[in-house]
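Enquirer: prediction below, plus the sequence it came from.
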Amino acid sequence: MLIHSGSVAKRATRTDNRSAAPDCEMHAQRARPKDIARPLRPGHLALCCVVGLSLLTLAPGKYGFAQSSAPSATTDPSHPDLLQEPMLLNVRDKAGAQYQLEAIIVRPARAEARLPIAIVTHGKPRLASDMALIRAELLVRQARDLAYRGYLAVGVVRRGYGRSGGTPGIATNAPYAKCSVEDLQRYFEVEADDLEAAVRLITERPDADRNRIIVIGGSVGGGTALAMAARKLLGLTAAVNIAGGVRLTNAQGEVICPFETPVAAIGRLGAGARIPTLWIYSENDSVFAPDIARRAFNAYKLAGGVAELQVIPAIAPDGHHAFELPNGRVHWLAKLDAFLRARGLVTWRTAQVDAVMRTARVPESSREMVERYFSLYPQGSRTGPRSSRDIHGRYSQRDQCTGPGTRGL
């Protein structure tokens, strides 16, 4: 039996960054972690304009940080406003056994106060060989998006994937990949163990605000985020499920479990969940189509969960990959911002849009375009937008990354 979340991992290697479409790096044949989404300068978005914090080293205790082969904190020249820390997290399971999770932390470089925490996690490729290719740096784009909004963003690779602990190519939820409601509910819950362990460790950092935590996941990671929402974890304020779901297939890729079963399993995660959750699905999701997503959403709410469903337009080549595709992010980041703002959670302020529109003399009819511009932080921007044509050109450049063969986590 194979578990298919519709995701394919790509090897994280550097390539020439002279491409005419620099925003496509994570979704072409090779990934280019260095070139991901350059930040706007202060003239664009003043999201992180706070003063310096010295990076403190934490001594390993019950939870600890293990430095990877890369420097513990670096500033990429293309992202001067952010610090990036690849690392291994030394965590413990519920039995007390220690293991490691590969992670990448991205945060504002000049943060003064403790930062709200955003945990970001991936989906599940169909093949074990693809699971081995997953790297924390493949989550750096989403982490940077959140860091620009003022978060201590942490991309977490769960056990069985990439360099994290466990058995390579075998996720911890593998024993529960069965066509039963109880097993599939547990399928998501055991994955949440890794995220909870990561949260407990990250909250020990002197730059982390343990009282403000959100978790975001794509595909199986989306279901894992919903499982986190049911844990009543201190400080967890919201969970975001992007294309969350699972389908069971045989070796030929044929579905062998009716969707009523995973729908019921996801619905059960709503029992006891009281924090707000955002569900985002695309019109052309090949794994969890909107009608299936709506059934799971309704079951979740019926069980007691607090949820908001947003269906975004079709995403080429497959809406199930909206979490990582640039042409998907243009939509779900906008939905995320509205969700966070409505609940008083950290994101960019609408006053910033007003200021840009006045400066660039953008008509009110183009407000939605400007808001999406804020969500995307176009590459190559080192000076502020000077006109509506300038904004439209940069926005359109990001929409060019929609070619075939663009698959991610």
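Expert: Yep, it's here. Numbers count the residues shown, from 1 in each chain.

Enquirer: which residues sit in contact with residue 322?
Expert: 218, 242-243, 280-282, 285, 312, 315, 328-329, 331-332 (C-beta atoms under 8 Å, 6 or more residues apart in numbering). Any C-beta I mention is one placed from the backbone N, CA and C, and that applies to glycine too.

Enquirer: so which of those residues is the closest to residue 175?
Expert: In terms of C-beta to C-beta, no member of the contacts of residue 322 lies closer to residue 175 than residue 218, at 22.9 Å.

Enquirer: pretty sure the closest one contacts residue 122?
Expert: Yes. With contact defined as C-beta atoms under 8 Å, residue 218 counts as touching residue 122 (6.5 Å).

Enquirer: identify the residues contacting residue 214.
Expert: The neighbours of residue 214, taking C-beta under 8 Å, 6+ apart as the test, are 116-119, 151, 236-240, 340, 345.

Enquirer: ok, now with 10 Å
Expert: 116-120, 146, 151, 153, 225, 228, 235-240, 275-276, 278, 336, 339-340, 343, 345-346 (C-beta atoms under 10 Å, 6 or more residues apart in numbering).

Enquirer: out of the contacts of residue 322, which comes closest to residue 106?
Expert: Looking across the contacts of residue 322 and measuring by C-beta to C-beta, the closest to residue 106 is residue 329, at 15.4 Å.

Enquirer: what's the spacing between the closest one and residue 317?
Expert: Residue 329 sits 15 Å away from residue 317, going by C-beta to C-beta, to the nearest Å.

Enquirer: comparing those two, which shows the higher neighbour count?
Expert: residue 329 (25 against 18; other C-beta atoms under 10 Å).

Enquirer: per-residue pLDDT, the more buried one?
Expert: Looking at residue 329, its pLDDT reads 90.

Enquirer: what do you get for residue 181?
Expert: With respect to pLDDT, residue 181 has a value of 97.

Enquirer: how about residue 93?
Expert: Predicted confidence (pLDDT) for residue 93: 87.

Enquirer: now do residue 384
Expert: 49.

Enquirer: quick one: buried residues of whichever strand or helix holds residue 221?
Expert: Assigned by DSSP states H and E, residue 221 falls within helix 220-229. Neighbour counts over helix 220-229 (16 or more other C-beta atoms under 10 Å) mark 220-229 as buried.

Enquirer: dump the residues you listed to JSON lines, plus pLDDT.
Expert: Below are those laid out as JSON lines (pLDDT from 0 to 100):
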{"residue": "220", "pLDDT": "96"}
{"residue": "221", "pLDDT": "97"}
{"residue": "222", "pLDDT": "98"}
{"residue": "223", "pLDDT": "97"}
{"residue": "224", "pLDDT": "98"}
{"residue": "225", "pLDDT": "98"}
{"residue": "226", "pLDDT": "98"}
{"residue": "227", "pLDDT": "98"}
{"residue": "228", "pLDDT": "98"}
{"residue": "229", "pLDDT": "98"}
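
Enquirer: what stretches of the protein score poorly on pLDDT?
Expert: The chain contains residues with pLDDT under 70 at 1-71, 377-409.

Enquirer: could you tell me how far the residue nearest to the spatial centre of it is located from residue 344?
Expert: The centroid of the chain falls nearest to residue 120 when counting by C-alpha atoms, centre = their mean (4.1 Å). Distance, residue 120 to residue 344, by C-beta to C-beta: 21 Å.

Enquirer: before we move on, back to that, need the max-distance pair from the buried residues of helix 220-229.
Expert: Taking C-beta to C-beta as the measure, these span a maximum distance of 15.2 Å, between 220 and 229.

Enquirer: re the thing from before, make a ChimeraX selection of whichever of the contacts of residue 214 turn out to be buried.
Expert: Buried subset of those, written as a ChimeraX selection, criterion 16+ other C-beta under 10 Å:
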select :116,117,118,119,120,146,151,153,225,228,236,237,238,239,240,275,276,278,336,339,340,345,346
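
Enquirer: give me the subset of the contacts of residue 214 lying in helices.
Expert: 146, 225, 228, 336, 339-340 (DSSP state H).

Enquirer: sec struct for residue 262, please.
Expert: helix (DSSP: H, G, I helix; E, B strand; the rest coil).

Enquirer: now the helices for the stretch 101-250 of the chain?
Expert: Ranges of helices in the stretch 101-250 of the chain, per DSSP state H, counting those that start in this stretch, are 128-131, 140-148, 181-202, 220-229.

Enquirer: out of the ones you listed, which comes closest to residue 367?
Expert: helix 140-148 (20.1 Å).

Enquirer: that older thread, can you add distance to residue 195 and give the ones in helices among the contacts of residue 214 back as JSON lines?
Expert: Converted to JSON lines, those look like this (distance: C-beta to C-beta, whole Å):
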{"residue": "146", "distance to residue 195": "15"}
{"residue": "225", "distance to residue 195": "8"}
{"residue": "228", "distance to residue 195": "6"}
{"residue": "336", "distance to residue 195": "18"}
{"residue": "339", "distance to residue 195": "19"}
{"residue": "340", "distance to residue 195": "19"}
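
Enquirer: closest to residue 259 out of those?
Expert: Nearest member of the ones in helices among the contacts of residue 214 to residue 259, counting by C-beta to C-beta, is residue 225, at 19.8 Å.

Enquirer: how close does the closest one sit to residue 360?
Expert: 36 Å.

Enquirer: excluding covalently adjacent residues, which one is nearest to residue 270?
Expert: residue 305 (2.7 Å; C-beta to C-beta, 6 or more residues apart in numbering).

Enquirer: was I right about the one you found contacting residue 299?
Expert: Yes. Using C-beta atoms under 10 Å, residue 305 is in contact with residue 299, at 8.9 Å.

Enquirer: the contacts of residue 322 in helices, which ones?
Expert: 328-329, 331-332.

Enquirer: ok, which stretches of the stretch 251-400 of the chain are strands?
Expert: 276-282, 306-312 (DSSP state E, counting those that start in this stretch).

Enquirer: what helices or strands is the first one leaning on?
Expert: Of the remaining helices and strands, those touching strand 276-282 by 3 or more C-beta pairs under 10 Å, 6 or more residues apart in numbering; DSSP states H and E are strand 208-218, helix 220-229, strand 236-242, helix 290-302, strand 306-312, helix 326-342.

Enquirer: off-centre distance for it?
Expert: 13 Å (C-alpha atoms, centre = their mean, to the nearest Å).
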